[in-house]
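**Q** Sequence first, then the predicted structure:
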There are 2 protein chains.
Amino acid sequence: MVEKRIILIVVDGMGDRAIPELNYKTPLEVANKPTIDELTRNGLTGIIDVIGVGIPPGSAPANLALLGYDPYECYTGRGAFEALGLGLDLFPGDIAFRANFATVNDDLIVLDRRAGRYLVEGDLLAEAINDIKIESSPNVSIMFKHGVEHRGVLVLRGSGLSKDVSDTDPEKENVKILTSKPLSNTPEAIRTANILNEFTIKSFKVLSSHPANLSRISRGHKPANIILCRGAGTLPNIKKFEERYGIKGVCIAGVPLIKGVAKAVGLDVLNVEGATGGLNSNLMAKAEAAVKAAEKYEFIFLHVKGADTASHDGLIKEKIRFIEAVDEMVGRIIEGLNKYEVYLSITADHCSPIIIRDHSGDPVPVLIYGPYIVNDDVDKFSERDCLKGGLGRIRGLDLLPILLSYSSKAKKFGE
Amino acid sequence: MVEKRIILIVVDGMGDRAIPELNYKTPLEVANKPTIDELTRNGLTGIIDVIGVGIPPGSAPANLALLGYDPYECYTGRGAFEALGLGLDLFPGDIAFRANFATVNDDLIVLDRRAGRYLVEGDLLAEAINDIKIESSPNVSIMFKHGVEHRGVLVLRGSGLSKDVSDTDPEKENVKILTSKPLSNTPEAIRTANILNEFTIKSFKVLSSHPANLSRISRGHKPANIILCRGAGTLPNIKKFEERYGIKGVCIAGVPLIKGVAKAVGLDVLNVEGATGGLNSNLMAKAEAAVKAAEKYEFIFLHVKGADTASHDGLIKEKIRFIEAVDEMVGRIIEGLNKYEVYLSITADHCSPIIIRDHSGDPVPVLIYGPYIVNDDVDKFSERDCLKGGLGRIRGLDLLPILLSYSSKAKKFGE
């Protein structure tokens, strides 16, 4: 009997709006994507409200939803998913923050939220951060991990902490860093805000005098002299993918946040050489990884980031080209998996219209392809064509159950 | 003034997928069904997620949903609906099981889950079962009723029982019967599991030595020497149909489980001669019964089983022919009810794709026909055509309210 495989391909920010420069077409409509359009002719299409109708999704909750996890229950703050994505183990009670190395002056005015962005000294500086002791709460320990460029995560570990605290990162420049405030009137929130504020000031002290920063200044670079935090989060308490759906799943993604989402729901995470999460990501390497992963996993979640990056930067041509590269990737996957009965879905975690350079709440197009599925009349994969699709308008949470059902991996309700 | 009637026709397992042997069409697409297609041309179509998107429905909860009863609230276990369907009165506190006469060896290994299936001695053996006394709980009484072939129901009656117990039927052969276990850590569940286990062993003792079984063995038949139970259920506590919707309803069905669902929601149940629930069911007799029932009832729920039976057995031609017979049945109903203003809906309780020979979570096609309803462009009733239907994608729970509304029997919300 032929084994079944489910491949869910999420193209970050793929959905778009009518762009004047494209004669009011969308990048998906303009892109040359023969493989995806061929699958569309034989498949079923529709549109998805990933989080809810008209709600612009953040990346973490959007991908949770597409994996069948209700973001209103499972999205426990960005920091947690960032930390998991960078390979930190989180335990219940830990509070994790997305962190930036930033540049401030002596009055703690933010001069550069990203400390010049290119930070070869990040791992070295992180060591110094990890030596910080919280005097007001000696039982609370600090874990800091540097990611890519100016990015990192901070984890506070100890009893009696809360994620109900506000950010220290003002998310703009030429203003003073923020003082974290408790967002609920509990001793835990008050204490955690105090700890974060103490940590922030200490990070400034430790980093300002760090030799690596003195060296940066001497070379004319901005010092990475403070850690700014946002998105306090805790480990979500959720039923793991295999336990919930009865199949083993794997994630192939370049972006730490998405890897973190995958880890949180219990997918194994593969690290693929050249999968950068950027426009230059090696999508064919991801395709090969997917084909290989199918030997071990029944469910493969493949996330590519480039379309979103292009949208944020207003790059129309690059977005089109990236979609064309995705098409080649899909072709390689289909070819490589021809010994399986493949149920493949392509969608986006959200639209990122180039015209607004940010996530929007427009529904995203979706394609479901598989043998024996009753197909619809749609023969081209785009935002406009999928409006007429036979799936109709579904929610992000609906997608995985549909794929499980078509591949006979869903559980019957009652008898 | 012309009286209005609502006819809801549920064709069990009618929905299917693209079948290679049918040139990737479905049985519904291939079947010749002039009456239903004529109604479709003048009606409104769509697709229904009967329980929820991507959830393969069991028959009992699916039909509950189509009758407007939320299966997540009202589905209290298969046994209850089976018992009601066989005409047993259930009271709150009773625990009912779907039961099989089965054949085991002396080590209680299941040799045939259906004791050869043909069991003319069923009623006689049931008498002996009903004499079993539970020694560990003398206040608990046993009620056992034989149904068709190897089927029956067991009801435990007494105080302090629970439906949180596992099955004794392993649902496969060449394995030992299962020991029922409590599924919750309550005295009631522990006690009920003990009672069921005591009953099961006693059923083996009583049946093994029963003259009817000795006679079966002497004639070369398998003895029906044990009762295996599954699907513990209790009477659902729900508002009855007439009280809820303000109209009297009736059910015409061949299958005990569906009759049980109808009774549970307060529909009267007609017994129609020749309505077997099989492929050979007398559908014209059901049509006549529906026409006659319209004199007394405003709502007629008509369930036919054959399409599902054909799917489970992989019988493509038989499924097509059964759908064609349904078409004739619908023609007779329409003709017979011509003095009424008829609102007629045809749908399935679930898809049963022949390719998988089981229930699936695909949405089912639905047709709503009635005078003055604004129709859509769909002119053929099939899974594929209904994807384009004007009803869009609705839930099982939505169907009855829509029918009530079109027939002016729905209650206004607010003023």
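**A** The structure has been received and is ready for your questions.
**Q** use CA for all of it now, contacts and neighbours both
**A** Will do.
**Q** Now do the residue in the stretch 1-150 of chain A that chain B sits nearest to, the pLDDT please.
**A** Among the residues of the stretch 1-150 of chain A, A:Leu44 lies closest to chain B, at 9.8 Å counting by C-alpha to the nearest C-alpha. For A:Leu44, the pLDDT comes out at 98.
**Q** what separates it from A:Ile134, distance-wise?
**A** Here the criterion is C-alpha to C-alpha, to the nearest Å. By it, A:Leu44 lies 56 Å from A:Ile134.
**Q** neighbour-wise, which of these two wins?
**A** Per other C-alpha atoms under 10 Å in any protein chain shown, whichever of A:Leu44 and A:Ile134 has more neighbours is A:Leu44, with 26 against 17.
**Q** I'd say the more buried one and A:Asp379 touch.
**A** No. Judged on C-alpha atoms under 8 Å, A:Leu44 makes no contact with A:Asp379 at a distance of 9.4 Å.
**Q** Show me which residues of chain A are close to chain B?
**A** A:372-376, A:388-393, A:398, A:401-406, A:408, A:410-415 (C-alpha under 8 Å from any C-alpha of the partner chain).
**Q** mind listing what's buried in stretch A:228-243?
**A** Residues of stretch A:228-243 classed as buried by neighbour count (16 or more other C-alpha atoms under 10 Å in any protein chain shown): A:Leu228, A:Cys229, A:Arg230, A:Gly231, A:Ala232, A:Gly233, A:Thr234, A:Leu235, A:Pro236, A:Phe241.
**Q** So the fifth one lies in a helix, does it not?
**A** No. Note on A:Ala232: no helix contains this position according to DSSP: H, G, I helix; E, B strand; the rest coil, which reports strand.
**Q** Chain A - how does it break down into domains?
**A** In terms of domains, chain A is parsed into A:4-75+A:238-406, A:83-233 (source: automatic domain parsing).
**Q** could you dump the buried residues of stretch A:228-243 to JSON lines with pLDDT?
**A** As requested, the buried residues of stretch A:228-243 are exported to JSON lines (pLDDT from 0 to 100):
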{"residue": "A:Leu228", "pLDDT": "98"}
{"residue": "A:Cys229", "pLDDT": "98"}
{"residue": "A:Arg230", "pLDDT": "97"}
{"residue": "A:Gly231", "pLDDT": "96"}
{"residue": "A:Ala232", "pLDDT": "97"}
{"residue": "A:Gly233", "pLDDT": "97"}
{"residue": "A:Thr234", "pLDDT": "97"}
{"residue": "A:Leu235", "pLDDT": "95"}
{"residue": "A:Pro236", "pLDDT": "93"}
{"residue": "A:Phe241", "pLDDT": "98"}
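**Q** Kindly indicate which of these lies nearest chain B.
**A** Nearest to chain B among those: A:Phe241, at 16.6 Å, using C-alpha to the nearest C-alpha.
**Q** which residues touch that closest one?
**A** By C-alpha atoms under 8 Å, 6 or more residues apart in numbering or on different chains, the contact list for A:Phe241 reads A:Ile247, A:Lys248, A:Gly249, A:Val265, A:Gly266, A:Leu267.
**Q** Quick one, grab the pLDDT at the last one.
**A** On the pLDDT scale, A:Leu267 is placed at 98.
**Q** contacting residues for it?
**A** Residues in contact with A:Leu267, defined by C-alpha under 8 Å, 6+ apart, are A:Lys240, A:Phe241, A:Lys248, A:Gly249, A:Val250, A:Cys251.
**Q** Pipe those into a markdown table and attach secondary structure per row.
**A** Compiled in a markdown table, the contacts of A:Leu267 are given as follows (three-state DSSP):
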| residue | secondary structure |
| --- | --- |
| A:Lys240 | coil |
| A:Phe241 | helix |
| A:Lys248 | coil |
| A:Gly249 | strand |
| A:Val250 | strand |
| A:Cys251 | strand |
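**Q** Return the closest of those residues with respect to chain B.
**A** Using C-alpha to the nearest C-alpha, the contacts of A:Leu267 come closest to chain B at A:Phe241, 16.6 Å.
**Q** mind listing the strands in chain A by residue range?
**A** Per DSSP state E, chain A carries strands over the ranges A:4-11, A:44-49, A:95-104, A:110-112, A:141-146, A:151-157, A:226-233, A:249-252, A:268-270, A:299-304, A:341-347, A:364-369, A:392-395.
**Q** Could I get those in CSV, plus columns for distance to A:Lys181?
**A** Output for the strands of chain A, formatted as CSV (distance: least, C-alpha to C-alpha, whole Å):
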stretch, distance to A:Lys181
strand A:4-11, 36
strand A:44-49, 34
strand A:95-104, 14
strand A:110-112, 19
strand A:141-146, 19
strand A:151-157, 16
strand A:226-233, 12
strand A:249-252, 36
strand A:268-270, 35
strand A:299-304, 35
strand A:341-347, 38
strand A:364-369, 36
strand A:392-395, 35
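**Q** and the residue of the stretch 101-250 of chain A found nearest chain B, how many neighbours?
**A** In the stretch 101-250 of chain A, the residue that lies nearest chain B is A:Tyr245 (12.1 Å; C-alpha to the nearest C-alpha). Neighbour count for A:Tyr245, taken as other C-alpha under 10 Å: 17.
**Q** Could you do A:Glu3 as well?
**A** Residues near A:Glu3, counting by other C-alpha under 10 Å, number 10.
**Q** hang on, isn't it packed against A:Asn338?
**A** No. A:Glu3 lies out of contact with A:Asn338 (C-alpha under 8 Å); the separation is 10.7 Å.
**Q** Tell me who's in contact with A:Gly233.
**A** A:Thr76, A:Gly77, A:Arg78, A:Gly79, A:Ala80, A:Phe81, A:Ile95, A:Ala96, A:Phe97, A:Lys163.
**Q** what's near enough to touch the residue nearest to it when sequence neighbours are not counted?
**A** Take A:Gly233 and drop its neighbours on the chain: the residue closest to it by C-alpha to C-alpha, 6 or more residues apart in numbering or on different chains is A:Gly77, 3.9 Å away. When contacts are counted by C-alpha under 8 Å, 6+ apart, A:Gly77 touches A:Gly231, A:Ala232, A:Gly233, A:Thr234.
**Q** any chance of those in TSV, with distance to B:Ala65 too?
**A** Formatted as TSV, the contacts of A:Gly77 follow (distance: C-alpha to C-alpha, whole Å):
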residue	distance to B:Ala65
A:Gly231	42
A:Ala232	42
A:Gly233	39
A:Thr234	38
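**Q** Please report how far the residue nearest the centre of chain A lies from chain B.
**A** Chain A has A:Ile258 as the residue nearest its centroid, 3.3 Å off, counting by C-alpha atoms, centre = their mean. Separation of A:Ile258 from chain B (C-alpha to the nearest C-alpha, to the nearest Å) stands at 25 Å.
**Q** right, and that residue touches A:Gly87 too?
**A** No. With contact defined as C-alpha under 8 Å, A:Ile258 does not reach A:Gly87; the gap is 11.9 Å.
**Q** sorry, back to before: which one of the domains of chain A has the most crowded surroundings?
**A** Of the domains of chain A, the one with the most neighbours on average (mean count of other C-alpha atoms under 10 Å in any protein chain shown) is domain A:4-75+A:238-406, at a mean of 21.
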